[in-house]
Structures are given as C-alpha cells and as structure tokens.
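this one's structure only:
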C-alpha cells in the first residue's frame, strides 16, 4: 500500500551557534558599535551558507545590566538584528548558567543537532561568582562537548577567565585592541562554522583557522569605511 509518509523530505540538521556577549558599561562607544557590526556581518554570511543538509541556528545571550536571551535559536537568515546597548556590570557566571541550561535542554537544543559552537566575548572581569558556572560548563554534560571560542577586548579583559573557557579546544584566545581585530575574530568564527557546514562530518571542529591576506585586507577596508561521530553528540 502506498504510504506518503515514506516520501517526506528529510529535515535539515541544525548546527547551533551561541554568542555570549559582554555588554557592560565598559563596552560603550566604539567597542559596542564594532561588535554590532561584526555580529551583523557574521549573520549575513551564515544566511548565505544555509543548505538543505545543515541549517545554522544562532542564539545570543548578553550580560551587562542584566543577563538576557536577546535571540533564541533562530535561523541566521531570519534573525532581525537589533543593535546592542552597553550598560551595567559583567555577570558572566549567570550568562554561563543560562547558556548551559539552554544546551542541556534537549527540547531547546535537540540531540539530533550537531555540536554547538559557543563564543564568549568580554572586555572586563566578571563581577559575579563565575568559577563554578565555568567549571560546570566546560566539564559536565552536553556543554562540555561544545566547540568554544573566546575573545578578549582591550587590556582590562580577564585572560585567566577567557583562557579557562577555551581549555581543551584547538583554539587560542583571540585579542582585539581595535575594530579591525574584532572583525577578524568574528570572521574566524564565521569560517569555522561554515567549514563545518561544508564538511562531511560537521561535528568535527577545524583545528585552526587562518585568514589569507586578501580576507584581512577586506576586513580592514570594511572597518575603515564604517569606522567525533556524524550525527548525535
């Protein structure tokens, strides 16, 4: 007997990307403006990479005056990016707890998804209790299997905290002293994620991301103008 259910189109498998962004008062001015621009450029590139086999789902958690889920998991092409505003302190521990809860929840981050990429960006020191949330995130449960990348903005960023976040990954801590370097970091994030979508096994994280001189020149020009196994993880 003919069964139409046998002929359904397979659903694209999601590759989640979670951004943990510091929006404390010290991020005001050029820092927050360039962060907004870099994230928007990343989303535009992700939208162009959407394929039948893999869809990039982006979530954004900000920590400043409060910890907020600015963007729940959304297809990159459907994110309506609203510029972030800088205000408040640096409650990074609370943000890590929120991100972990989201990743551990199998209804929110399904088991069929590829391992998420989690990106932490900060220009200061956490003002809440971050040690236990950090340890739980990188050592326990599903969050420990995520790919993790981090960027320190400016000289006041807490390197110890950010280096702890990426411990055990193939990534180095990225430092950004100016707008061009901030954009370069997000270009590296973009390349890492898009390389995974194009891979036969998107759960495999690229060992290193190298930008060619042409890409770096394009980033600089843009800034000057604008000032494991396949499947379950």
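Good, I have the coordinates. This structure is a prediction, so every number in the text was calculated from the model and none was measured.

helix, strand or coil for residue 106?
Secondary structure state of residue 106, per DSSP: H, G, I helix; E, B strand; the rest coil, is coil.

repeat for residue 171
Residue 171 - assigned by three-state DSSP - is coil.

could you pull out the helices for this structure?
30-48, 92-104, 131-139, 159-165, 179-197, 213-226 (DSSP state H).

For the fourth one, enumerate the helices and strands it packs against.
This points to helix 159-165. Applying 3 or more CB pairs under 8 Å, 6 or more residues apart in numbering; DSSP states H and E, one finds that helix 159-165 makes contact with strand 117-122, helix 131-139, strand 147-153. All C-beta spots, glycine's among them, are computed from the backbone N, C-alpha and C.

residues making contact with it?
Here helix 159-165 makes contact (CB atoms under 8 Å, 6 or more residues apart in numbering) with 92, 120, 122, 125-126, 130, 134, 137-138, 148, 150-152, 173.

quick revisit: could you say which one of the helices and strands packed on helix 159-165 comes nearest to residue 104?
Smallest distance to residue 104 across the helices and strands packed on helix 159-165 (CB to CB): 9.9 Å, for helix 131-139.

Run the angle between the closest one and helix 92-104 for me.
Relative orientation of helix 131-139 and helix 92-104, computed by axes from the mean of the first three to the mean of the last three CA atoms, to 10 degrees: 30 degrees.

how many degrees apart are helix 131-139 and strand 147-153 in direction?
140 degrees.

out of the helices and strands packed on helix 159-165, deepest packed?
strand 117-122 (a mean of 26; mean count of other CB atoms under 10 Å).

For that one, which strands pair with it and how are they oriented?
Paired strands of strand 117-122, with direction, are strand 13-22 (parallel), strand 147-153 (parallel) (DSSP bridges).

What ranges in this protein fall below the confidence cut-off?
4-10, 208-233 (pLDDT under 70).

since we're on the residue nearest to residue 72 when sequence neighbours are not counted, how many residues are nearby?
Spatial nearest neighbour of residue 72, chain neighbours left out: residue 59 (5.9 Å); criterion: CB to CB, 6 or more residues apart in numbering. Applying other CB atoms under 10 Å, we find 23 residues neighbouring residue 59.
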